[in-house]
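Participant: Predicted structure and sequence below. I'll ask about it afterward.
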Amino acid sequence: MDFDFEPEEKTPSGAGKPRRPHRIRRSDDAPDTGPVAVDGADFFQPARQDPPAPPAPAAPAAQPAFAHTRGWYMLILLLQAALSAAALFQLYRTQMLPLYYLAILAALLVLLWLLVFKCQRYKVRGALARVFSLLLSAGMAVGCVWAQQGLEALDQVALGEEETDYEALAITTEPFVLYLSGVDNRGELTEDARSDVNILAVVNPVTKRVALVNTPRDYYVDLAGTDSKDKLTHAGLYGVGTSMQTLGGLYGVEVDEYVRINFAGFIDIVDALGGIDVYSDYSFTSVGSPGYYDPTDFTEGWNHMDGKAALAFARERHAFATGDIQRGINQMKVIDAMLEKIKSPALLTSYSRLLAAVADNFVTSLSTGQIAALVRMQLADFAAWDIENYSVTGTSSSSTHCYSAQGQKLYVMTPDEASVEEARALIQSVLSGEAAPGDGAASAASGADSAAGEAA
């Protein structure tokens, strides 16, 4: 048996395959020619490879896009950075936003600035880089203008000529008592008018605690400046100062400031707030008031109210068994809802327009500097306030010894001394800086007797 080798087969690429030996059968009568010499060099030689093709010459580097505008882009980026810093500084000066809001805004501006920078550096084609750049520039310019306008608006109402810095800022550091008076006046707001709403707002700006103490209009009290008693509502006939002194004597506290508003002003301010949401304890229908509002239906639970509906809700008393006491509770609910809306940053930053909207039906002893100081304080930290409501109670009675109507028999409410003492304790608790009770608020007192009856 001999071995032979097949010749190499060439592949299309020119690479050869190794030769393979195979056996050749011979017939038995074939002469033996002896050993066959085999050359194994080709057998163990690896397949030949074609030499690699030389690498193609590198293409010349592309010229940078927008190379001729690179200088302008860098100038715009520097301008945007300067505008961003200016806007943030102006916002810090106005104290329109808390510091942590400014920090978040600064971080967002940095990210946006880097996005614009990357778009320009890596030559993002099309209008994308230009759009980002223009938006950032425009946004920063608007931010600067808005911040400057806010600063000028606050400066205009910061301090009066006769005030010192301390007198204006003291209202943000020292407790005070504010008399909230809603007068029974259907025309021009005058100095002397009966007060249907009599609420003391005891405010501690340090502890962020407020107590709203309601006193029914028919409460039979010692009338300040006289030796006689009268219905609380009649104190307003002798001026807002008499009402403040009368309430101060009842609760053993000095009443510092007042806010007085009539029906029209109340409607205007609620409408300027965009309406309020108030929770009603009962479903009822209020009687109408010609020239102001029609009979209005309220459901138990939350009700969204415009100015007229809010006034109807706050003035109704005949629909309740406890009469004037429930009316006082409802009035404090309305005030709570108004305070909740007023705390909005959007309203705080435009509070001067809100005051202008009710200027003809709203008077206050607070100076423009004090109001501005309170607004700045709230805008500085957006603190949450703990507001507690309390209403004193009494029993239905009548008297012929009212200072303003001698000899006439008038309906009055004899004070419940226990509820008055509780109100005094609550007022002193707020003024002394004590923390609010663990349950968050004092419960509004329920009426002891029906307070039905017409006011004199």
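Facilitator: Cool, the structure landed.
Participant: Tell me which other helices or strands whichever strand or helix holds T395 touches.
Facilitator: According to DSSP states H and E, T395 maps onto strand 394-399. Counting contacts by 3 or more CB pairs under 8 Å, 6 or more residues apart in numbering; DSSP states H and E, strand 394-399 packs against strand 220-222, strand 410-415. No exception for glycine: its C-beta is placed from N, CA and C like everyone else's.
Participant: And those strands: which comes nearest E316?
Facilitator: In terms of CB to CB, the element of the helices and strands packed on strand 394-399 nearest to E316 is strand 410-415, at 17.3 Å.
Participant: how about the closest one: buried residues?
Facilitator: L410, Y411, V412, M413, T414, P415 (16 or more other CB atoms under 10 Å).
Participant: Tell me which other helices or strands that strand touches.
Facilitator: strand 220-222, strand 394-399.
Participant: Serialize the helices and strands packed on strand 394-399 to a markdown table and add fields for mean pLDDT and distance to S367.
Facilitator: Listed next are the helices and strands packed on strand 394-399 as a markdown table, based on pLDDT from 0 to 100; distance: least, CB to CB, whole Å:
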| stretch | mean pLDDT | distance to S367 |
| --- | --- | --- |
| strand 220-222 | 95 | 29 |
| strand 410-415 | 94 | 34 |
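Participant: Would you reformat these as JSON lines and include distance to V430?
Facilitator: Shown next, in JSON lines, are the helices and strands packed on strand 394-399 (distance: least, CB to CB, whole Å):
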{"stretch": "strand 220-222", "distance to V430": "22"}
{"stretch": "strand 410-415", "distance to V430": "21"}
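Participant: Which one, of those, ends up nearest to G323?
Facilitator: strand 410-415 (8.9 Å).
Participant: Just the buried positions in the helix or strand following that closest one, please.
Facilitator: Next helix or strand after strand 410-415 toward the C-terminus (DSSP H and E): helix 417-431. Neighbour counts over helix 417-431 (16+ other CB under 10 Å) mark S419, V420, E422, A423, R424, L426, I427, S429, V430, L431 as buried.
Participant: got it, and stretch 320-337?
Facilitator: 320, 322-337.
Participant: Just those residues: which are in helices?
Facilitator: 324-337 (DSSP state H).
Participant: With pLDDT as new columns, can those residues be given to me in JSON lines?
Facilitator: As requested, those are arranged in JSON lines below (pLDDT from 0 to 100):
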{"residue": "D324", "pLDDT": "84"}
{"residue": "I325", "pLDDT": "85"}
{"residue": "Q326", "pLDDT": "90"}
{"residue": "R327", "pLDDT": "88"}
{"residue": "G328", "pLDDT": "86"}
{"residue": "I329", "pLDDT": "90"}
{"residue": "N330", "pLDDT": "92"}
{"residue": "Q331", "pLDDT": "89"}
{"residue": "M332", "pLDDT": "88"}
{"residue": "K333", "pLDDT": "92"}
{"residue": "V334", "pLDDT": "92"}
{"residue": "I335", "pLDDT": "88"}
{"residue": "D336", "pLDDT": "87"}
{"residue": "A337", "pLDDT": "90"}
